[in-house]
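Trainee: starting from these lines, generate the structure:
(2 chains)
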Amino acid sequence: MTMGADRTDDLRARVAAAAENGAPLAIRGGGTKDFFGGPITGEPLEMSGHRGILAYRPTELVLTARAGTPLAEIEAVLARSGQYLPFEPPRFASAGSASDSTNKGACAPGGTLGGAVASGLSGPRRPYAGAVRDYLLGVTVLTGRAEILRFGGEVVKNVAGYDLFRPMAGAMGSLGVLLDVSLKVLPVPPARRSFAFALDGGAAILAANRIAGRPLPVTGAVHDGGRLILRLEGSAAALDKALPLLEEMAGPAMPMDDDGAFWTAIRDHTHPFFAGDAPLWRLSVAPAAAPLPWHGPQMVDWGGAQRWLRGEADVGEMRRMAMAAGGHATLFRGPDRARAFQPPAPAVAALNGRLRAAFDPAGIFNRGRLGEV
Amino acid sequence: MAGDLRALVRALRRALPEESVLSGKDDLKPYECDGLAAYRALPGAVCLPRTRDEVAAVLRLCHQADIPVVARGAGTGLSGGALPLAGGVLLSLARLNRILEIDPLNRVARVEPGVRNLAVSEAAARHGLFYAPDPSSQVACTIGGNVAENSGGVHCLKYGLTVHNLLGLTVLDAAGEVMEIGTGALDSPGLDLLALMTGSEGLLGVVVEARLRLLPRPDRVRVLLAAFASVEAAGDAVGRIIAAGIVPAGLELMDSLAIQAAEAFVHAGYPLDAAAILLCELDGAPAEIAETEERVGAVLHAAGATHIHSAEEPAERARLWAGRKAAFPAVGRLSPDYYCMDGTIPRFRLPEVLAEIARLSERYGLAVANVFHAGDGNLHPLILYDAGRPGDLERAEAFGRDILALCVAVGGVITGEHGVGVEKLDSMCAQFGPSELAQFHAVKAACDPSGLLNPGKAVPTLHRCAEFGAMHVHAGTLPFPELERF
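Mentor: Residues are numbered from 1 along each chain as shown, chains lettered A, B, ... in the order given. Next up, the predicted model:
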């Protein structure tokens, strides 16, 4: 359908050789999330040459593309049919470090489809529309045995066999090399508007959760320190009717101009909150959990379910704070990468290990990326 | 194994209250099948624990005795997933039926596995919330069974399947060890075990608690009924609605035979002269619904609808849905037996697949009623047969396998929401190759090294598929050679 190239044979040969020698591979798409997760060892396995949209029929609301296809290309093709990826995968800038410069030509700006799925990251619409895993319909995956397996499909209802495709989302490549991915897509909502409400953190979290319990067309809720910012999407008529109800629950609303840029900046971490070198922590917590005892800068997203914190802190303390709020902590950007992800409880961690071995017996894929998990 | 079983039953009686362990033949009889009554087996014993600790004790003892366990909720499953194993233990979770907590602010219901699906929405209603997955059996089926099958329902077009509406599970492994899967947050570290467990048909673990996502009840609901002069035209209208950028809350299709049956059974007010009807539910804010209804109406007219009726009053909406929800038993009144299929296909293949099913129906000499989740492309052809007539069941099963092979041939799958169970083991061989099947078995071994949880279900052995393939690929010809393949 679009300019593409099939590198399946090369990739399979690389994996077969690596498996035979037990040599680790570092799967790499656009390289825009190199900073994320544990430090990784292994020869780079570049995916950005394996690209192209394989099937897209707008009336089916399904798109299938090779994993190395740039997200930007996919979103542009969808936009031409008035459709989009509702989970808002972030498009981070390339790392641009010295060691990357030789690879620049191969890097896809804003990342690839495979990276978006493997990282499992979703933008501000996540609590209202679902995460990347909720839109995943099927994958073709190259396992550590150099076998090419297809799980799921291009239909939305499918319970044949165990679900071995949704767990690819967020697996950070630890189960295999994604070759192609099928996603459910949706029509772009006809209208969008955003409003700001002057509330402190506690009041904003309470209001966002009370609002989420009402049938209102809210698709984003961020607290930036002084304001609760809500995004509404749907029919223009529905947005008009919703505003008085929102004001009833959150106080007077100030309309936001150029709100598209704001939500993109939250999604892609180009908002000033994310600038600078201070460690960035992601605490995924129960949405209505009280404001966290943190004195540094904080940004609340996902209607309270995702709290971004900036500053030096003890990993153990952050994990305890997250657990007390019903969730877990990730060192999203920071120096102590080996401890980026919070390990699950021992029984769950052991099962994680056995499952990874079931896909990748020699442990060649992205060794260390999921950290202690 | 029988000797071991007797010793195990004695041990179970010591661990559980007397009335919680059944082993007399008459007591076991009600558990010999689930909703797929064509398959029956008498279990060695039935355990009816009341608490998580009792469930763990049953699993631990079975593990020590090396005796397999089949978990069961309400037994409404349609693929034999809860079919007992002769000489094994049937573990009923029906008595773990407490709603432990409704947290309206976080919009979470914490429930035991034996809670009925509809009971969750009933308990959440006073907070203006509901639990979205709504299989037709929702008055009876349990949350544990819904998780095991990844159940859908008429509203999953908009609100998703069970897997999309789960936040966490407490699962016991075959040895009775507990695992917390998911957190109080929207995600958790490590692999997505929540997705893996959902739909695993009781082969990977036993659910003893589920945290369910609750959604706000929509302000306004409207149901449109559109009549068509042909099934193909109705199928085409489905694609046109989606193409117009509209995602209804539900979009269901019934053909003439299903309409006649449902009308005779519940008097839903369906037009008896229609070759097919579509039921289209819209929900949302009043202003939005009015706008969407106008657009849907225009699409339906353009697609050749002969008649459109719009219902807003709750009683009238309930009446329209009653016909759909009672369609299976209604069709059951037309024939001594019926066999319900459950394939999913890409929506745009609907017209040709329906036409092919009609051709197969003639070839097998068995009538078919079609009533299904058209918006999802999830077919439920109901094959009418008479088990009392020699050869009829075998013909119905062969017809069913052909329908599923047809689904695979057009790029679809062999089961959308009912699961594989024992029923579709052969059809799994049409869906997956030996490498995928081997991967499924490796995942089973990783989760359940003892192999004691619901063995023999859901995933066929490679040997079985080799035999099935030898039987079905005659002279190298594929089924449905006339169809374009993707």
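
Trainee: and for A:Gln342, the neighbour number?
Mentor: 25 (other Cβ atoms under 10 Å in any protein chain shown). Where you see a C-beta, it was placed from the backbone N, CA and C, and this is true even at glycine.

Trainee: excluding its backbone neighbours, what's nearest it?
Mentor: Of all residues not flanking A:Gln342 in the chain, A:His328 sits nearest, at 4.3 Å (Cβ to Cβ, 6 or more residues apart in numbering or on different chains).

Trainee: looking at chain A, what residue ends up closest to chain B?
Mentor: A:Gly326 (2.7 Å; Cβ to the nearest Cβ).

Trainee: how deep is the residue nearest to A:Gln342 tucked in, by neighbour count?
Mentor: A:His328: 24 neighbours (other Cβ under 10 Å).

Trainee: then the one 10 residues further on?
Mentor: Residue crowding around A:Ala338 was assessed by other Cβ under 10 Å; the count is 14.

Trainee: which residues does it contact?
Mentor: A:38-39, A:368, A:371-372 (Cβ atoms under 8 Å, 6 or more residues apart in numbering or on different chains).

Trainee: farthest pair in these?
Mentor: The span of the contacts of A:Ala338, defined through Cβ to Cβ, is set by A:Pro39 and A:Glu372 at 12.2 Å.

Trainee: these two: which is more packed in?
Mentor: The neighbour count for A:Pro39 versus A:Glu372, taken as other Cβ under 10 Å, is higher for A:Glu372 (15 against 12).

Trainee: wait, a helix at B:Ile241?
Mentor: Yes - according to DSSP: H, G, I helix; E, B strand; the rest coil, B:Ile241 belongs to a helix.

Trainee: and for B:Gly269, the neighbour number?
Mentor: Using other Cβ under 10 Å, B:Gly269 has 14 neighbouring residues.

Trainee: apologies, that question was intended for B:Tyr39.
Mentor: Applying other Cβ under 10 Å, we find 15 residues neighbouring B:Tyr39.

Trainee: for it, which non-adjacent residue is closest in space?
Mentor: Once flanking residues are discounted, B:Tyr39 sits nearest to B:Gly80: 4.7 Å by Cβ to Cβ, 6+ apart.

Trainee: ok, back up a step: wait, the residue of chain A closest to chain B sits on B:Ala185?
Mentor: Yes - between A:Gly326 and B:Ala185 there is a contact under Cβ atoms under 8 Å: 6.0 Å.

Trainee: between these two, which contacts overlap?
Mentor: A:285-286.

Trainee: quick one, which of the two is more surrounded?
Mentor: In this view A:Gly326 and B:Ala185 are compared by other Cβ under 10 Å, and B:Ala185 has more residues nearby, 25 against 19.

Trainee: for the more buried one, phi and psi?
Mentor: With angles defined as degrees, to the nearest 10, B:Ala185 sits at phi -90, psi -170.

Trainee: how far away is the residue of chain A closest to chain B from A:Leu309?
Mentor: Distance of A:Gly326 to A:Leu309, computed by Cβ to Cβ, to the nearest Å: 16 Å.

Trainee: what's the answer for B:Ser427, then?
Mentor: Separation of B:Ser427 from A:Leu309 (Cβ to Cβ): 50 Å.

Trainee: which one's more surrounded, those two?
Mentor: Set B:Ser427 next to A:Leu309 and count neighbours by other Cβ under 10 Å: B:Ser427 wins out with 26 against 23.

Trainee: was I right to think that one contacts B:Gly412?
Mentor: No - contact criterion Cβ under 8 Å: B:Ser427 and B:Gly412 do not qualify, at 11.6 Å.

Trainee: related to what we said a few turns ago, ok, the residue nearest to A:Gln342 - contacts?
Mentor: So A:His328 contacts A:283-284, A:319, A:322, A:342, B:183, B:185, B:188-189 (Cβ under 8 Å, 6+ apart).

Trainee: just send those back as a markdown table, with pLDDT and secondary structure too.
Mentor: Compiled in a markdown table, the contacts of A:His328 are given as follows (pLDDT from 0 to 100; DSSP: H, G, I helix; E, B strand; the rest coil):
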| residue | pLDDT | secondary structure |
| --- | --- | --- |
| A:Leu283 | 98 | strand |
| A:Ser284 | 98 | strand |
| A:Arg319 | 97 | helix |
| A:Ala322 | 98 | helix |
| A:Gln342 | 96 | coil |
| B:Thr183 | 93 | coil |
| B:Ala185 | 98 | coil |
| B:Ser188 | 95 | coil |
| B:Pro189 | 93 | coil |
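
Trainee: can you tell me which of those has the most neighbours?
Mentor: Counting neighbours by other Cβ under 10 Å, A:Leu283 comes out on top of the contacts of A:His328 with 27 neighbours.

Trainee: who's it bridged to?
Mentor: Using DSSP bridges, the bridge partners assigned to A:Leu283 are A:Arg307, A:Ala329.

Trainee: confirm for me that it is in contact with A:Arg307.
Mentor: Yes - the pair A:Leu283 / A:Arg307 is scored as a contact, 4.4 Å apart, by Cβ under 8 Å.

Trainee: re earlier: what's the spacing between the residue of chain A closest to chain B and A:Gly170?
Mentor: 19 Å.

Trainee: do B:His441 as well
Mentor: 24 Å.

Trainee: again, but for A:Arg310
Mentor: A:Arg310 is 23 Å from A:Gly170, by Cβ to Cβ.

Trainee: can you check B:Ala302 too?
Mentor: 42 Å.

Trainee: quick one, what contacts A:Ala169?
Mentor: By Cβ under 8 Å, 6+ apart, A:Ala169 lies in contact with A:117-118, A:120, A:131-133, A:136, B:192.

Trainee: 10 Å instead, please
Mentor: Shown in contact with A:Ala169 (Cβ atoms under 10 Å, 6 or more residues apart in numbering or on different chains): A:87, A:116-122, A:131-136, A:139, A:178, A:181, B:187, B:191-192, B:195.

Trainee: okay, now the domains of the chain?
Mentor: Here I'm looking at chain A. Listed domain ranges for chain A are A:8-187+A:349-359, A:191-268, A:272-339 (source: automatic domain parsing).

Trainee: hm, I was asking about chain B
Mentor: Split by automatic domain parsing, chain B gives B:2-92, B:99-216, B:220-330, B:335-476.

Trainee: of the ones you listed, which is nearest A:Thr69?
Mentor: Closest to A:Thr69 of those, according to Cβ to Cβ: domain B:335-476, at 20.3 Å.

Trainee: so for the closest one, mean pLDDT?
Mentor: Domain B:335-476 carries an average pLDDT of 92.

Trainee: what's around the residue in the stretch 1-150 of chain B positioned nearest to chain A, how many residues?
Mentor: For the stretch 1-150 of chain B, the nearest residue to chain A under the criterion Cβ to the nearest Cβ is B:Leu105, separated by 4.3 Å. By the measure other Cβ under 10 Å, the count of residues near B:Leu105 is 17.
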